[in-house]
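[1] What follows is a predicted protein model with its sequence.
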Amino acid sequence: MEVYAADICRLVKEAFPDFEQNASEYMRLSRFLAGLDQDLQIKCHERGVKTFKDAFQVATQAERARQAARLVQPVSSAVRDSSTAQTVNVISDTDTLFLKQAVVDLTNTVKDLSKDVSALKLQLHDQRSRSRQTPSPHRRSPTTYAMAWNAPYGHSPTRHSDARSPSPDGYRRSPSRRRDLCR
């Protein structure tokens, strides 16, 4: 495409050396478009090109896209020779078998994980059911509440004495020892 465009520019300059810039631009554009195949001409007209430079860019992009599409398209069976066809079929059959096995393995793994998740959900449900049925050591029983109202300062000596933070040396301090420490 680049060589063709350069040749058009050179030939127009040689054929019309006395033309002004605008006329020379028009001649390059018209000669360039006339030399393109019909598909590229249509692309240029669809894009509404006005200058030689724009036409060159559109034609180059369309040609590159066409070449890329040729590389991606599968080769027809009539074009392939028998050795190439056998090689391609062997590779694709192996790949297909490998892919099928991988899908089966993945499906089995997902099923196993689903079973594990279901079992964990059931265990969690059972634990929650059991915790509702048996009182937690952190929950107070109704008798503890009754005792708390009768206890001095509204505290249950058995419940809250265990909750007090221990002294730094690990021993409970009596009120008299506390006074000794403050002196």
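    Thanks, I have the structure now. Numbering: from 1, shown residues only.

[2] Kindly report the domain assignment for the chain.
    2-72, 94-161 (automatic domain parsing).

[3] Can you say which of those is packed in most?
    domain 2-72 (a mean of 14; mean count of other Cβ atoms under 10 Å). From N, CA and C alone the C-beta is placed, and that goes for glycine too.

[4] remind me which residues of the protein are low pLDDT?
    73-92, 134-183 (pLDDT under 70).

[5] which helix is the longest one in it?
    helix 82-133 (DSSP state H).

[6] packing partners for that one?
    Of the remaining helices and strands, none touches helix 82-133 by 3 or more Cβ pairs under 8 Å, 6 or more residues apart in numbering; DSSP states H and E.

[7] for this structure, what spans make up the helices?
    2-15, 21-35, 38-47, 52-72, 82-133, 142-150, 157-163, 175-182.

[8] what's next to the second one, contact-wise?
    The set of residues external to helix 21-35 that reach it, using Cβ atoms under 8 Å, 6 or more residues apart in numbering, is 4-5, 8-9, 11-13, 15-16, 19, 41, 44, 49-52, 55-56, 59.

[9] What distance do you get for Lys43 to Glu2?
    The gap separating Lys43 from Glu2 is 17 Å, by Cβ to Cβ, to the nearest Å.
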